[in-house]
Structure formats: C-alpha cells, structure tokens
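Visitor: test case, fold it:
(one chain, ligands or ions: 1)
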Amino acid sequence: METLLIWGLVVLLVGAIFIPYLIKFRKSRQVFVQRKEEARAMGIDRPRAQYPMVDRSQCIGCGACVEACPEHDVLGVVWGVAEVINGERCVGHGLCEKACPVGALKVGLGDIKTRPDIPILSPVNETTVAGIFIAGELGGLSLIRNAISQGHMVVDEIARRSHKNTKSDLFDLVIVGAGPAGISAALTAIQHKLNYLVLDEREVGGTILQYPRRKLVMTQPVEIPLYGWLKQDEYSKEALVETWREITARFQLRVNSGERVDSVCKINGHFDIRTSRAAYSARHVVLAMGRRGTPRKLEVPGEEQPKVMYSLIDAQSYTQQHMLVVGGGDSAVEAAVGLARQSGNVVCISYRKSSFFRVKKKNEDAITTLIAAGKLTALFDSQVLQIKPKSVVIQCKDGPREIPNDYVIVQVGGIPPHDMLKQMGITFGGEMQPIR
Ligand SMILES: Cc1cc2nc3c(=O)[nH]c(=O)nc-3n(C[C@H](O)[C@H](O)[C@H](O)COP(=O)(O)OP(=O)(O)OC[C@H]3O[C@@H](n4cnc5c(N)ncnc54)[C@H](O)[C@@H]3O)c2cc1C
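Guide: Model prediction:
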C-alpha cells in the first residue's frame, strides 16, 4: 500500500512537471506549423537572400535561435527541430548562429548555383560579365557592414586592374546606387585616385532612408574607407543618415541624385551606361543597387496622383486626414497602426486576404486592439478599383464602396532588379554560364 502511494505520488509529481511542458510544446509546435503553412501559401517562406541553414542532425530543438532573432518569425521549432518559417524576413544579423549552443545553424546563401535569385559572382564579386561587379545586398548578403566591406573590396580589385586613364570622358568606374555599398565604393575610388561617378535614382543613403523614423539600426563594427570606424552596436536611423551626409560633404563625393540607370551595355570593351538623363562610358561598373527594387504598384486608375505613396516614414506628419493603407504585411500594418494613433485621422486598411496572418504578433495585437476600439477599419477580401482626387473606390465582399480619401499608402512589396541584370547578360544561379 505504501509503495503504491509512493508510486502514485511520483507519477503525480512527474505529471505536474511534464504535462504543462508537453502542452506548451504542442501548442508552440502547432503555431509554428500553421505559420509555416501560411508563409508557404503566400510564397514568403523562401529566403530573399541569406537565411539560417539548420543541420537537422545536430539541432536539439531548444529554440535559442528563435529567441535570439530580432526579426521574430524567421525561425520556429517544428517537430523538435529549428526550421525557417518566414525566410523573406531574414535580415542576416546572424544572432541565431551565435545563440545555437550546439553549432547546428549557419547563416548564408546555401549553394548559389541552385538559386535563381542570386547572381553568380567570383570571389571578388565580379559577375559573369567581365568588368561588372556587384557590391552589397544585390549580391544576396544584407547588412550595412557587408555592403561597406564589399564596396571597398570590389574597388580595390578595380584599382588593381586599372592602368592610367587619359580620356576625360571615360570613367574608370560608374557606381550604380548610393547606399552603404555605393558610398564605400566611391570612397575607395577616391583613395585610389580613380575617375568615378555615382548615380542614384533617389538620394544618398540607400535603404536606410526608407527605415521608419527613429528606427534603431543594429550594426557590427566596420571601417568606412577614408572616414573611420562605425563602432557602436546600435545607431538611430537619423544618426546613420547624418553620417552619410557628412561623408558626402567632407569628401565631396561625385554623386548624381535623382538619376536612374536604365541599361548597361558592353560596347568595344567599354560600358555604355544609359540613364534617365544622360549616357556615360566607363571601364568598369559597380552595381550597388540593393534588392528592394521598385515598389509593386496597384495598377489602378488614379495611381499616378501625388497623394499615392509607397512608403511611410513619419506617421506623425499626417493628422486630420482620411488615410487608406493597402497591403497586409508588417509594413502595411505598422503604417496603419501609426496613422490611426495620430489625432483626427480616419484610417482604413484594405487587404486582399481574409486576415492578417503574415504579421508579427506585436503588430497583430496592435491592429486588433485599434479595430476593436473603432479607431481603424479593416476591409478584408477587398481590392482597390480606382483612386480619385478626394475618394477611393474599393471592391469589397458586399460590392464596390467609395470612401473619402486624402492619401493612399501602398505597401504591397517590391520587384527586385533581376530583369535589368539579366538584360546586361549577368547569369544567376541555376542558369547556364555564358562565354565571356
Ligand atoms: C526594414 C529593414 C531593416 C533593416 N535593419 C538593418 C539593421 O538593423 N542592420 C543592418 O546592418 N542592416 C539592416 N537592414 C539591411 C540594410 O539596410 C541593407 O543590407 C543595406 O542598406 C544594403 O546596402 P546596399 O548599399 O547594398 O543597398 P541599398 O541601401 O538598398 O541602396 C541601394 C541604392 O541603389 C539605388 N538604386 C537602385 N536601383 C537603381 C537604379 N536603377 N539606378 C540608380 N540607382 C538605383 C537606390 O535608390 C538605393 O539608394 C535592414 C533592411 C530593412 C529593409
């Protein structure tokens, strides 16, 4: 009897410890399985560039990588093994790799020969077209630190190959893009006394300019050529933008802002670069265009109006306005939440799916609270039909609706510049190598 009692107590004790753990484990597994399926259905489970590669035979499923990732839903634990849930969200911080206690995870591009989204590059980042180099995120690796290092590396290589240039109308190199990679390339060109020109369709700063106001940017120490070290672990967006402005002024960088490069063609051993304003000739080209590409458009009548925007940097600039946000990802939800918190705004979000299942928990909670409080209207299963000067027409489940509108923020993703690279003759993974 006594033994039975002891055994009963042992079973109860073990049950009390393990059953809650098992329930929690099952629940979290179900959440990750569901999120993985949803991400797969949306086509966003696959990485955009680098991603965490898990060695399943070594992974112990502790979830340290999931906890460490600042971008959240990139990783999850499914059936006791870490797995990529939302590959597109991997920014490449590499904190998951550091956090893994058994070294079962590496952040990288995998076998690029099998990846049609990654251009094939030599060890010095030369493309399959001799003389065209890639620096920064366009090559697949994100992070400011990588962009700066690669901008420096490719121009060092160009300097090594360059001989005295006597033609004033022939640049040693033209750099496309004035983000961290392009700026670093320009500074290295100055170091080597090369004749260079930077062209950017927007302004100096690159993707950083598109970050929301006061975003904290995580960096790892990196040396900016001529300028010195970026030493801190974190900078505000504004501090980084100020650094690029200071560099541009101090070193009098030759940058043409607002000039889009449309084509690059090799003619008689030199490159002919056609832009929205002019044509240039160069011995080498450095493509530092990033991967964000051009924002995807709605392709509806009225979209050309200046009230339609493809990013929202400062929600506080809009008060007492009728705002429509289009999209259902994190950027769209963050924009809608930010706008709904400003005084007097009437905010509506239109999304073609039936719920916000792609977004981070924090964003989901914020938007659900605002919808419940009547501060924001969500139109699911809806599609914008027309944008008029003072209203928008939206196809909803119950038919078309016309609502008052002052501004439209479109957040439906971007188209990377891969087609343009292919037109230059650059080969991507999974394709045949052309003869140079
Ligand atoms: C939301 C978000 C958060 C991030 N957080 C971090 C972080 O915390 N830490 C970190 O290290 N990294 C972060 N990153 C990644 C980082 O911003 C990028 O890796 C980095 O900016 C890449 O630099 P780049 O010079 O290669 O390209 P970009 O910064 O993208 O610059 C490319 C430039 O090329 C120009 N361009 C493009 N096409 C053309 C054309 N046809 N003609 C002329 N100009 C053109 C663009 O206008 C742009 O200025 C984040 C990215 C995002 C989107």
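
Visitor: residues near Arg260, how many?
Guide: Residues contacting Arg260 under the criterion other C-beta atoms under 10 Å number 14. Any C-beta I mention is one placed from the backbone N, CA and C, and that applies to glycine too.

Visitor: offset the numbering so it begins at 627, please.
Guide: Noted, 627 is the first residue going forward, which turns the last one into Arg886.

Visitor: and the pLDDT for it?
Guide: At Arg886, the model reports a pLDDT of 96.

Visitor: now do Gly919
Guide: At Gly919, the predicted lDDT confidence score is 84.

Visitor: now Ala708
Guide: At Ala708, the model reports a pLDDT of 93.

Visitor: stretch 706-716: end-to-end distance?
Guide: Terminal residues of stretch 706-716 are spaced 21 Å apart (C-alpha to C-alpha, to the nearest Å).

Visitor: give me the buried positions along it.
Guide: Using 16 or more other C-beta atoms under 10 Å as the burial criterion, the residues of stretch 706-716 that qualify are 707-716.

Visitor: ok, stretch 714-724 next?
Guide: Under 16+ other C-beta under 10 Å, the buried positions of stretch 714-724 are 714-723.

Visitor: between the residues you listed, which sits nearest Val972?
Guide: Minimum separation from Val972 among these (C-beta to C-beta) is found for Arg715, which lies at 30.5 Å.

Visitor: quick check: phi and psi at that closest one.
Guide: The phi and psi values for Arg715, taken as degrees, to the nearest 10, are phi -80, psi -10.

Visitor: how close does it get to Arg922?
Guide: As defined by C-beta to C-beta, to the nearest Å, Arg715 lies at a distance of 17 Å from Arg922.

Visitor: returning to that earlier point: reformat the buried residues of stretch 706-716 as CSV; add distance to His1044 and secondary structure.
Guide: Formatted as CSV, the buried residues of stretch 706-716 follow (distance: C-beta to C-beta, whole Å; DSSP: H, G, I helix; E, B strand; the rest coil):
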residue, distance to His1044, secondary structure
Val707, 32, strand
Ala708, 29, strand
Glu709, 27, strand
Val710, 21, strand
Ile711, 25, coil
Asn712, 21, coil
Gly713, 17, helix
Glu714, 15, helix
Arg715, 20, helix
Cys716, 19, coil
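
Visitor: from the buried residues of stretch 714-724, which land in helices?
Guide: Of the positions in the buried residues of stretch 714-724, 721-723 sit in helices, assigned by DSSP state H.

Visitor: can you put the residues you listed in CSV and add pLDDT and distance to the ligand?
Guide: Putting these into CSV (pLDDT from 0 to 100; distance: C-beta to the nearest ligand atom, whole Å) gives the following:
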residue, pLDDT, distance to the ligand
Leu721, 90, 11
Cys722, 94, 15
Glu723, 93, 15
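
Visitor: and for the closest residue to the ligand within the stretch 927-1062 of the chain, the neighbour number?
Guide: When C-beta to the nearest ligand atom is the measure, the stretch 927-1062 of the chain has its nearest residue to the ligand at Pro1043, with 5.7 Å between them. Using other C-beta under 10 Å as the criterion, Pro1043 is surrounded by 19 other residues.

Visitor: contact partners for it?
Guide: In this structure, Pro1043 makes contact with 764, 915, 917, 919-920, judged by C-beta atoms under 8 Å, 6 or more residues apart in numbering.

Visitor: of those, buried ones?
Guide: By the neighbour-count criterion of 16+ other C-beta under 10 Å, the contacts of Pro1043 include these buried positions: 764, 915, 917, 919.

Visitor: and the ligand, which of those contact it?
Guide: 764, 915 (C-beta under 6 Å from any ligand atom).

Visitor: so which strand or helix has the residue lying closest to Pro851 once chain neighbours are set aside?
Guide: Excluding the flanking residues, the one nearest Pro851 by C-beta to C-beta, 6 or more residues apart in numbering is Leu813, at 4.0 Å. Using DSSP states H and E, the element containing Leu813 is helix 806-817.

Visitor: is the helix or strand just after that helix anywhere near the ligand?
Guide: Toward the C-terminal end, the helix or strand that comes next after helix 806-817 (DSSP H and E) is strand 822-826. Yes: using C-beta under 6 Å from any ligand atom as the criterion, contacts between strand 822-826 and the ligand involve 825-826.

Visitor: name the helices or strands packed onto strand 822-826?
Guide: Under the contact criterion of 3 or more C-beta pairs under 8 Å, 6 or more residues apart in numbering; DSSP states H and E, the helices and strands touching strand 822-826 comprise strand 796-802, helix 806-817, strand 881-883.

Visitor: most packed of these?
Guide: Scoring the helices and strands packed on strand 822-826 by mean neighbour count under mean count of other C-beta atoms under 10 Å gives helix 806-817 as the most buried, with a mean of 27.
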